[in-house]
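Peer 1: take a look and give me a structure for this.
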Amino acid sequence: MNLKNGLMAVVGVLFTLIATSQEGLPIYTDYLTDNYYLIHPSMAGAANCSKIRLTARQQWFGHDDAPKLMTLSVNGRIGDTPSGVGGILYTDKNGYHSQTGAYATYAHHLMFSRSEADLNMLSFGISAGFIQYKLDETTFLFDGPDPIIEGIVQNETNFNIDLGVSYHFLDFYAHGTVKNVLKNAGVNNDIEITSNLRRYLLSAGYVFNKFGSEWSYEPSLMYQYKDGTKEASIDVNAKVYKNMEFGKVWGGLSYRTSLDGAEYQTSSGDVASQKLQQLTPILGVNFNNFMFAYTYTYQNNSVVFTNGGFHQFTLGYNFNCRKEKYSCNCPAVN
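Peer 2: Below you'll find the model as predicted:
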């Protein structure tokens, strides 16, 4: 790859980073580490335990100012009522851009089954919170007054809401969520794509288990669509669980691909197109009320910033647990 083509590739990568640096809470594969509440507000209080989840994600080890994300979430049922509450704190740094957010959630769960032995539940949730965006321009190079570069740390705080609905029926589940419903200002309000961060998420899965077996299997899908940029992607996931005396061990594999391609110039001068492709293995263990998980994401594309992968760790703790009451293979609820 010559210098010109290399610069074009780097500019393309940087543009992608800047365009997504104000998207609100990024959507990775951490929802697969027993953390569906992180992306679906209707899952607040859906499980028989209250849950605390702490995640830390680091991309491109060894590179300065590489993207990093930390999230802290907690959710649970309000006593014996059909209502649940939750909260999310997160900080996301990406080069000169950073954002910090805080959300509070209320969810309501409607049971349609005649008894609690059979799971048939419809849930609604709403999250509301604030996101503070920052753009550090203090080290930007420019020769003098510039209408775009002010040479300061710009910041802006926005209010936004997420709306979600979930349905659980025995071993089947489905979720739908609209994130960032309101218009967003951010620190780049002149750039049209940052004013609309609305994102649509649809996910569904089923847990298979042979009667009396210690093993269970969970295939699932998630589709997401960015309204402002008209981009879409899909996750194809597969997880396997094994019951142990101390709890449960599990693992899985997630494949994410975009449905839209980005064009770039090859070393021969031709114009080619590539779609985002990410492969993420997952390992986890539930030990009594504690949970630990690790994910590693590998980006399988021709033009990438670096071949280094993305590492993420999740620590969790379950408390205020009630007795498992549903006769189903539903690890996100039971």
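Peer 1: where does Gly45 land in three-state SS?
Peer 2: coil (DSSP: H, G, I helix; E, B strand; the rest coil).
Peer 1: and for it, the neighbour number?
Peer 2: By other CB atoms under 10 Å, the residues close to Gly45 number 26. To be clear about C-beta, it is placed using only N, CA and C from the backbone, and glycine gets the same treatment.
Peer 1: what about it, distance to Gly316?
Peer 2: 16 Å (CB to CB, to the nearest Å).
Peer 1: check Tyr133 too.
Peer 2: Separation of Tyr133 from Gly316 (CB to CB): 28 Å.
Peer 1: what about the strands in the stretch 51-200 of the chain?
Peer 2: Using DSSP state E, counting those that start in this stretch, the strands found in the stretch 51-200 of the chain span residues 68-77, 83-94, 97-111, 120-136, 153-169, 172-179, 199-206.
Peer 1: how far away is Val153 from Gly247?
Peer 2: Taking CB to CB as the measure, Val153 falls 45 Å from Gly247.
Peer 1: actually, Lys68.
Peer 2: Here the criterion is CB to CB. By it, Lys68 lies 30 Å from Gly247.
Peer 1: quick one: list the elements packing against the longest strand that the chain contains.
Peer 2: Counting residues, the longest strand found in the chain (DSSP state E) is strand 247-265. Contacts defined by 3 or more CB pairs under 8 Å, 6 or more residues apart in numbering; DSSP states H and E place strand 247-265 against helix 3-20, strand 231-243, strand 271-287.
Peer 1: quick one: strands adjacent to it?
Peer 2: Here strand 247-265 is paired, per DSSP bridges, with strand 231-243 (antiparallel), strand 271-287 (antiparallel).
Peer 1: lowest confidence element among the helices and strands of this protein?
Peer 2: Least confident helix or strand of the chain, by mean pLDDT, DSSP states H and E, is helix 3-20 with a mean of 39.
Peer 1: now the strands of the stretch 51-200 of the chain in TSV, with distance to Gly309?
Peer 2: Formatted as TSV, the strands of the stretch 51-200 of the chain follow (distance: least, CB to CB, whole Å):
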stretch	distance to Gly309
strand 68-77	14
strand 83-94	17
strand 97-111	22
strand 120-136	26
strand 153-169	29
strand 172-179	26
strand 199-206	24
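Peer 1: closest one to Ile234 among the ones you listed?
Peer 2: For the strands of the stretch 51-200 of the chain, proximity to Ile234 was assessed by CB to CB; strand 199-206 is nearest, at 9.5 Å.
Peer 1: show me which positions of that closest one end up buried.
Peer 2: Arg199, Leu201, Ser203, Gly205 (16 or more other CB atoms under 10 Å).
Peer 1: state the distance from the nearest residue to Lys226 once chain neighbours are set aside to Phe290.
Peer 2: The shortest distance from Lys226 to any residue other than its chain neighbours is 5.4 Å, reached at Arg199 (CB to CB, 6 or more residues apart in numbering). Relative to Phe290, Arg199 is positioned 32 Å away (CB to CB).
Peer 1: out of the strands of the stretch 51-200 of the chain, which is closest to Lys242?
Peer 2: strand 199-206 (18.0 Å).
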